[in-house]
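Trainee: Got a predicted model here, sequence first, then my questions.
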Amino acid sequence: MIRAEDALAAAADQITRAQQNKGLRPTIAGFFDESTNTVTYVVSDPTSKEAAIIDSVLDFEAASGRTSYGSADRVIEYINSNNLKVMWHIETHAHADHISAAPYLQEKLGGKLAIGREIIRVQDVFGKLFNAGTDFERDGSQFDHLFVDGETFKIGELEGIALHVPGHTPADMAFIIGDAAFVGDTIFMPDFGTARADFPGGDARQLFQSIRRLLSLPDATRLFLCHDYKAPGRDEFAWETTVKQQREDNVHVKDGVTEDEFVEMRNSRDATLAMPALIMPSVQVNIRGGRLPEPEDNGVSYIKIPVNAV
Ligand SMILES: [Fe+2]
């Protein structure tokens, strides 16, 4: 078990090494899905061509129950045209706003599917909500790998480290690869602020602590966000920023905002937010590693909606 301070120090060291050595910096491509405001990243090592796909999107039309693969196929096209070899499909957390395309991409491209170890807690909470029965394993076994805080990994020559950043959900992880940090749903662009903390298992106080942990990384650390919703006065989508910009300008958590101030702001704001349109299908499928529920005896897979339970 790695101590949290040691994990953070190791991440800062890794970032500094990559800032000094171009060969340790990843090539990063972001693919924005406008219907769920999600950014999928392909992170690759320019030398070995090994790559990771972070937070992929399966297109899903809720009204008809139809899935499609336009977003995922754009990623496949990029992978193939750059001759990349996919080693990892990484989820920063079990998303509540889109279904993961990881199983589809894994079938086409190979690579291991990974998420944070605390997914087990999320599976427990939502397994109960969806009355998933004993055949639904609540042990993370739907994934090939479960990351813990401070765990290191490689993508070719690139160094990676996983940091546990709970608050939005108990299982959220940030992945530091070279000098870049993929921060999932913690912080958004400085003019938009932070992720909500009101889903089952979410906690605004934990979220603040996780964000401040990320913002203690070196100033020039490149931060890549999971979502963008534009912001008043900004007409373009954006998903890349730095630690320095966030510490100076983030409307929710810039330097000087106290934990108590943040918690009060976050909780009162969350009380006004509607549930994401796709929360029920998304969570139900994503806690299964992105696999649809087993088809019933007519061969059709069904997604449940719990009535008056949330
Ligand atoms: Fe999320």
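Mentor: Perfect, I can see it now. None of the values given here were measured: they were computed from a predicted structure.
Trainee: Please make it C-alpha for all contacts and neighbour counts, starting now.
Mentor: Will do.
Trainee: Okay, buried residues for stretch 291-307 please.
Mentor: Neighbour-count burial for stretch 291-307 flags 291-293 (criterion: 16 or more other C-alpha atoms under 10 Å).
Trainee: How about the secondary structure of Val122?
Mentor: What DSSP: H, G, I helix; E, B strand; the rest coil gives for Val122 is helix.
Trainee: Can you convert the buried residues of stretch 291-307 into CSV and add a column each for pLDDT, secondary structure and distance to Thr134?
Mentor: Below are these laid out as CSV (pLDDT from 0 to 100; DSSP: H, G, I helix; E, B strand; the rest coil; distance: C-alpha to C-alpha, whole Å):
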residue, pLDDT, secondary structure, distance to Thr134
Arg291, 96, coil, 17
Leu292, 94, coil, 17
Pro293, 90, coil, 14
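Trainee: ok, of those, which one's closest to Ile119?
Mentor: The closest of those to Ile119 turns out to be Arg291 (C-alpha to C-alpha; 15.0 Å).
Trainee: Please name the nearest non-neighbouring residue to that closest one.
Mentor: Residue nearest to Arg291 in three dimensions, not counting chain neighbours: Val285, with 5.7 Å by C-alpha to C-alpha, 6 or more residues apart in numbering.
Trainee: what about the spatially most central residue of the chain, which SS state?
Mentor: Centroid-nearest residue in the chain, with C-alpha atoms, centre = their mean: Thr92, separated by 2.7 Å. When classified by three-state DSSP, Thr92 comes out as coil.
Trainee: can you list the weak-confidence ranges in this protein?
Mentor: Scanning the chain for pLDDT under 70 picks out no residues.
Trainee: Tell me which stretches of it form strands.
Mentor: Applying DSSP state E to the chain gives strands spanning 27-33, 38-44, 50-54, 59-61, 66-68, 85-90, 112-116, 145-147, 152-155, 158-164, 173-177, 180-182, 222-224, 240-242.
Trainee: Out of those, which is the most enclosed?
Mentor: Mean neighbour count, computed with mean count of other C-alpha atoms under 10 Å, is highest for strand 173-177 among the strands of the chain, reaching a mean of 27.
Trainee: Need the contact partners of that one.
Mentor: With C-alpha atoms under 8 Å, 6 or more residues apart in numbering as the test, strand 173-177 has contacts from 11, 15, 25-26, 92-93, 115-116, 158-166, 181-184.
Trainee: on that earlier part again, wait, isn't the residue nearest to Arg291 in contact with Glu294?
Mentor: No: between Val285 and Glu294 there is no contact, the gap being 10.5 Å when judged by C-alpha atoms under 8 Å.
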